[in-house]
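K.L.:
All I have is the shape, not the residue letters:
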């Protein structure tokens, strides 16, 4: 049973590393391609959040 828990922890660490690398790559793309890439990344992120059942309305930053 302990082995299963260790495998789960390792999988989670690998997933976290993958996510961190993807974030870094996305930032590099935004730096290179500007506003068009920002809009593309936002569209993808919204779709991913909605797929997970997370509303993006409460996450919007409103200029006041």
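P.N.:
That came in fine, so what should we check first? Bear in mind that the values here come from a model prediction, so they are computed numbers and not experimental data.

K.L.:
so how far is whichever helix in the chain runs longest off the chain centroid?
P.N.:
Longest helix of the chain, by residue count under DSSP state H: helix 2-33. Its chain's average C-alpha position is 9 Å from that of helix 2-33, according to C-alpha atoms, centre = their mean, to the nearest Å.

K.L.:
Show me what that helix packs onto, helices and strands only.
P.N.:
Helix 2-33 is packed against helix 35-51, with contacts defined by 3 or more C-beta pairs under 8 Å, 6 or more residues apart in numbering; DSSP states H and E. For glycine as for every other residue, the C-beta is placed from the backbone atoms N, C-alpha and C.

K.L.:
Can you give the contact residues for the helix it packs on?
P.N.:
Residues from elsewhere that reach helix 35-51, judged by C-beta atoms under 8 Å, 6 or more residues apart in numbering: 26, 29-30, 55-56, 59.

K.L.:
which among those end up buried?
P.N.:
Buried residues within these, counting neighbours by 16 or more other C-beta atoms under 10 Å: residue 26.

K.L.:
about what we covered before: got the buried residues for the longest helix of the chain?
P.N.:
Neighbour counts over helix 2-33 (16+ other C-beta under 10 Å) mark residue 26 as buried.

K.L.:
and stretch 46-61, average pLDDT?
P.N.:
Averaging the model's pLDDT scores along stretch 46-61 yields 90.

K.L.:
distance between the ends of that stretch?
P.N.:
14 Å (C-alpha to C-alpha, to the nearest Å).

K.L.:
if we can go back for a sec, the longest helix of the chain to helix 35-51, inter-axis angle?
P.N.:
Helix 2-33 runs at 150 degrees relative to helix 35-51, counting by axes from the mean of the first three to the mean of the last three C-alpha atoms, to 10 degrees.

K.L.:
From residue 24, how far out is residue 15?
P.N.:
Plainly put, residue 15 is 15 Å away from residue 24 if you go by C-beta to C-beta, to the nearest Å.
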